[in-house]
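1. Pasted the sequence and its predicted model underneath.
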There are 2 protein chains.
Amino acid sequence: MAQPPTVIEPRKKPRQARSTVTVDAVLEAAARILQEGGLDALNTNEIARRAGVSVGSLYQYFPTKEAVLAEIIRRKRLRLFNGLTAALEETRGRPLEITIFRLVEVTISHQADKPGFARALEYAYSALPLQQETDDLKDGIVAAISGLLEEHDVPDPRQAARDIVAIVRGMAEAAGLRGEKDRAALATRICRAVLGYLTTDVAAHSRAAPGSSHRQKPPGRNR
Amino acid sequence: MAQPPTVIEPRKKPRQARSTVTVDAVLEAAARILQEGGLDALNTNEIARRAGVSVGSLYQYFPTKEAVLAEIIRRKRLRLFNGLTAALEETRGRPLEITIFRLVEVTISHQADKPGFARALEYAYSALPLQQETDDLKDGIVAAISGLLEEHDVPDPRQAARDIVAIVRGMAEAAGLRGEKDRAALATRICRAVLGYLTTDVAAHSRAAPGSSHRQKPPGRNR
DNA sequence: TCATAATATGAGCAATTGCTCGCATTAGGT
DNA sequence: ACCTAATGCGAGCAATTGCTCATATTATGA
């Protein structure tokens, strides 16, 4: 979304403790601004002011405003990746439902925070030349889930992994925007969608004749 | 996302033919800019230039830049709503699977277009005080689907409708961003997720004997 | 034909904002 | 204690951008 490919790489690495503090303060301030006011409210002067730092210092470590954004996205994405990986390890060998439930929980709490935040990051991400780099991370997530599915004999595991990621993200985001509070109920519903996706054969539905026939337990209480 | 609630209402209605042309040209130009360069590239001077109109004319009909954006969103949302409503009418009385398939198709083609566009609008929407007004439209969609589900004896139809919307939106958006071409395959997969959600009982999964027991065919008998 | 309302124009003001640069301060090793 | 590199500072420049206003052009109805 910018013709001259914006520079995104950090300008230099902090070598002393105080500069690390500066960098962290900047990122934290930027995150707060994003959370409260969205992308529109994000400008370098305000970031520096809130971080209790001068713009000059900010530009010692970040070549552009976008670089600040990019670093926030990088760190957040990495946290998600680590969380998912840990959940996968932690439930290795257990039934697929268990693992998926944990993955969903991790995604929900990652998504949660304040509503504007994830939203703004999501858009910023698509508008930034982070593409290659962060897509690698996304591919990592897909690959990990794909591996899991393969172990459980799910056909076309990569496509399924991508779809699952989309389902979970979509539902978690929608819930976040609506301000849903009950995470457990949300997790249950997302799992239902994912497991349903994995175990449903559309052809069977299409082949089946009748008109109205859809009774089940779902939405309300389960267990 | 703006402290002094930005004015969004159109400034005045065109009374002559030429002004309608102007308004349409503005909206069209803005849409093209959004599509090509995202929200960042959208500014009133550029809109006017591309529309072959002066900024002054633009401001005759739109009190703020946001008002232009809002009108684009309004029109697009309305098209979706009409499309979904038509699909519902058109498949009234037929099996639920058929109706859902049509709804999914409509959503996919609505989402399609260029990748940046829907994305930018989606973000802009959440950052605009359109909330009340467009949420009404969203509620309308949810209500319509909810009615459909109720007819088919789906429990907790409103929650289910919201979840379905989230699933479809999430998957369609992800596919759009990945640049997926095969709309039919996509529609099939989305339907699988939706129908799976509607017919899967999570409790059954939890109760079911563990291990790697995951082939096709759901645990709960469907039809 | 002509008066009035509707519409169109675009130079430019005021405000915002990304970022630089010259200089001050501090840390760490020797 | 001292020197150098690292870090910090913030006034302010240059560019962008939302929007106004004085003025010009065009349509419409009587």
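-> Structure received.
2. The helix or strand A:Leu186 falls within: how far from the chain's middle?
-> Assigned by DSSP states H and E, A:Leu186 falls within helix A:183-199. Put simply, helix A:183-199 sits 17 Å off its chain's centre (Cα atoms, centre = their mean, to the nearest Å).
3. Show me what residue of chain A gets nearest to chain B.
-> For chain A and chain B, the shortest gap (Cβ to the nearest Cβ) falls at A:Gly170, measuring 1.7 Å. Quick note: C-beta positions are derived from backbone N, CA and C, even for glycine.
4. Measure how buried the nearest residue to A:Glu46 once chain neighbours are set aside is and give me the count.
-> Computed as Cβ to Cβ, 6 or more residues apart in numbering or on different chains, the closest residue to A:Glu46 that is not its neighbour in sequence is A:Ile33, at 6.1 Å. Residues lying near A:Ile33 (other Cβ atoms under 10 Å in any protein chain shown) number 23.
5. Any buried residues in the one helix or strand A:Ile33 maps to, and which?
-> Using DSSP H and E, A:Ile33 maps to helix A:17-37. Going by neighbour count (16 or more other Cβ atoms under 10 Å in any protein chain shown), the buried part of helix A:17-37 is A:22-23, A:25-27, A:29-35, A:37.
6. The helix or strand just after that helix near DNA strand D anywhere?
-> The first helix or strand that comes after helix A:17-37 along the chain, using DSSP H and E, is helix A:44-51. Yes - on the criterion Cβ under 7 Å from any atom of the strand, helix A:44-51 is in touch with DNA strand D at A:Asn45.
7. Mind listing what's buried along helix A:44-51?
-> Of the residues in helix A:44-51, A:44, A:47-48, A:51 count as buried by neighbour count, 16+ other Cβ under 10 Å.
8. what's the answer for stretch A:89-107, then?
-> With burial defined by 16+ other Cβ under 10 Å, the residues of stretch A:89-107 counted as buried are A:91, A:95-107.
9. try stretch A:115-130
-> Here stretch A:115-130 shows A:115-128, A:130 as buried, counting by 16+ other Cβ under 10 Å.
10. Show me which residues of chain A sit near DNA strand D.
-> Contact residues, chain A versus DNA strand D (Cβ under 7 Å from any atom of the strand): A:12, A:14-16, A:18-19, A:21-22, A:45, A:52-57, A:59-60.
11. switch the cut-off to 6 Å
-> By Cβ under 6 Å from any atom of the strand, the residues of chain A that approach DNA strand D are A:12, A:14-16, A:18-19, A:22, A:53-57, A:60.
12. ok, those residues vs A:Asp201, which is closest?
-> Distances from A:Asp201 to the residues of chain A next to DNA strand D, taken as Cβ to Cβ, are shortest for A:Pro14 (54.8 Å).
13. State the distance from A:Gln35 to A:Gly179.
-> Plainly put, A:Gln35 is 15 Å away from A:Gly179 if you go by Cβ to Cβ, to the nearest Å.
14. Could you check how far the host helix or strand of A:Arg77 is from the centre of its chain?
-> A:Arg77 belongs to helix A:65-90 when assigned by DSSP H and E. Helix A:65-90 sits 8 Å away from the centroid of its parent chain (Cα atoms, centre = their mean).
15. and for whatever helix or strand comes next after it, what are the contacting residues?
-> Following helix A:65-90 in sequence order, the next helix or strand is helix A:96-111 (DSSP H and E). With contact meaning Cβ atoms under 8 Å, 6 or more residues apart in numbering or on different chains, helix A:96-111 is reached by A:76, A:79-80, A:83-84, A:86-88, A:90-92, A:118, A:145, A:148-149, A:152, A:164, A:168-169, A:172-173, A:175-176, A:183, A:186-187, A:190-191, A:194-195, A:198, B:202, B:205-206, B:208, B:210, B:212, B:214.
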